[in-house]
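In: quick one, fold the following:
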Amino acid sequence: MLINKNKMDIPTMLDKSKLSPVKNNTIKHTPAGNFSPAEIAKFNKFAESWWDPNGQYKTALEFNRVRVAYFIAEICAFYGRDPNHIAPLQGLKILDVGCGAGLVCEPLAKAGATVVGIDVSEISIEVAKRHAVKSQLDIEYRHEHAQHTSISDRNRYDVVINAEVIEHVPNQKDLVKQCSQLCKVGGCVVMATLNRTIKSYLVGILGAEYIMRYLPIGTHSWRAFVTPLELNTMATLAHMHLVTEIGMSYSLLTKTWRTTSSLEVNYVQLYKRLTAS
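Out: The predicted structure is shown next:
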């Protein structure tokens, strides 16, 4: 959602000394909650780099642009809306679980949605807040767990998005369940992750992290990748039904991303929330 106000002065570097860790006592699942401190620390290191269009991770920005365009098109198809409308998501409440620096949240807000982004990395949340001010976008960012949000905001959202998060949490089944609980009955949940295949190791880890370097080394663990069947099984147990799915492919020749029918590496699945769980 766009806002009209004078652009605020934003410090170029985040003062990390003023940040505090996420409160573990808001979580009941395990003493540490459904997140990995090592994963949080890893993403904290490069949280401020994601938005640089000329930086090391500019290929990831292009990947995000193509992927979010697909998100918006499929959300419009799900709700019977015209994707070419100036604000096709107007009136929809969307939650981005594991929003990071806000790369998914901002295009959704520009498309007219009321957007909330949550993340366990407070550094990422502060970066997202600063960039939203620069972009003059009204987005609500919260430093909290999906488990806490699923209690306070149950059945609240028309759309819940979980993009490239499930492969970074210790209990994947619980995360899928929480995303379902946050969505209204009849709403849609968008899950995006990486398949666990030989090709995904070659492309998603060796290629992306060690050769192309468009992701930081150590971003992913291949063993934590989720097959489409595994994700579909978890979603079914969480009272969701698969509506559509698509893959993402990168061309070394044109240096561009596109959608593809192959789910061998990156893929997206869109689900409908069926009943209250």
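In: which SSE is the nearest residue to N266 once chain neighbours are set aside in?
Out: Nearest non-adjacent residue to N266, counting by C-beta to C-beta, 6 or more residues apart in numbering: M248, 3.9 Å away. Any C-beta I mention is one placed from the backbone N, CA and C, and that applies to glycine too. M248 belongs to strand 240-251 when assigned by DSSP states H and E.
In: ok, the helix or strand following that strand: who's next to it in the sheet?
Out: Following strand 240-251 in sequence order, the next helix or strand is strand 256-260 (DSSP H and E). Taking DSSP bridges as the criterion, strand 256-260 forms sheet pairs with strand 240-251 (antiparallel).
In: can you pull the buried residues of the strand it pairs with?
Out: M240, E245, I246, G247, M248, S249, Y250 (16 or more other C-beta atoms under 10 Å).
In: gap between the fourth one and E264?
Out: With distances taken as C-beta to C-beta, to the nearest Å, G247 is found 7 Å from E264.
In: tell me where the stretch 1-150 of the chain has strands.
Out: 93-97, 114-119, 140-143 (DSSP state E, counting those that start in this stretch).
In: from the chain's centroid, how far away is the shortest one?
Out: The chain centroid and the centroid of strand 140-143 are separated by 14 Å under C-alpha atoms, centre = their mean, to the nearest Å.
In: residue contacts, the nearest residue to I118 once chain neighbours are set aside?
Out: Computed as C-beta to C-beta, 6+ apart, the closest residue to I118 that is not its neighbour in sequence is R142, at 4.8 Å. Contact analysis of R142 by C-beta atoms under 8 Å, 6 or more residues apart in numbering lists V116, G117, I118, I125, T149.
In: which one of these is nearest L274?
Out: Ranked by distance to L274 (C-beta to C-beta), the contacts of R142 are led by T149 at 20.6 Å.
In: tell me the contacts of the closest one?
Out: T149 sits next to L95, V97, I118, R142, Q178, L182 when contact means C-beta under 8 Å, 6+ apart.
In: determine which two of the residues you listed are furthest apart.
Out: So, the contacts of T149 by C-beta to C-beta: farthest apart are R142 and Q178, at 14.3 Å.
In: follow-up on the earlier one: if I look at the residue nearest to I118, how far off is T114?
Out: 14 Å.
In: can you tell me the closest non-neighbouring residue to the residue nearest to the spatial centre of the chain?
Out: By C-alpha atoms, centre = their mean, the chain has its centre lying nearest to A163, at 3.1 Å. In this structure, A163 finds its nearest non-sequential neighbour in A192, 4.1 Å apart by C-beta to C-beta, 6+ apart.
In: check what pLDDT the residue nearest to N266 gets.
Out: Note for M248: predicted pLDDT of 97.
In: and it, how close does it get to E140?
Out: 28 Å.
In: again, but for V268
Out: 24 Å.
In: ok, these two, which is more surrounded?
Out: V268 (22 against 15; other C-beta atoms under 10 Å).
In: parallel or antiparallel, list what pairs with the helix or strand hosting that one.
Out: Using DSSP H and E, the element containing V268 is strand 266-273. Taking DSSP bridges as the criterion, strand 266-273 forms sheet pairs with strand 183-194 (antiparallel), strand 240-251 (antiparallel).
In: that strand - what's its average pLDDT?
Out: On average, strand 266-273 scores 98.
In: for this protein, what's the longest helix?
Out: Assignment by DSSP state H gives helix 58-79 as the longest helix of the chain.
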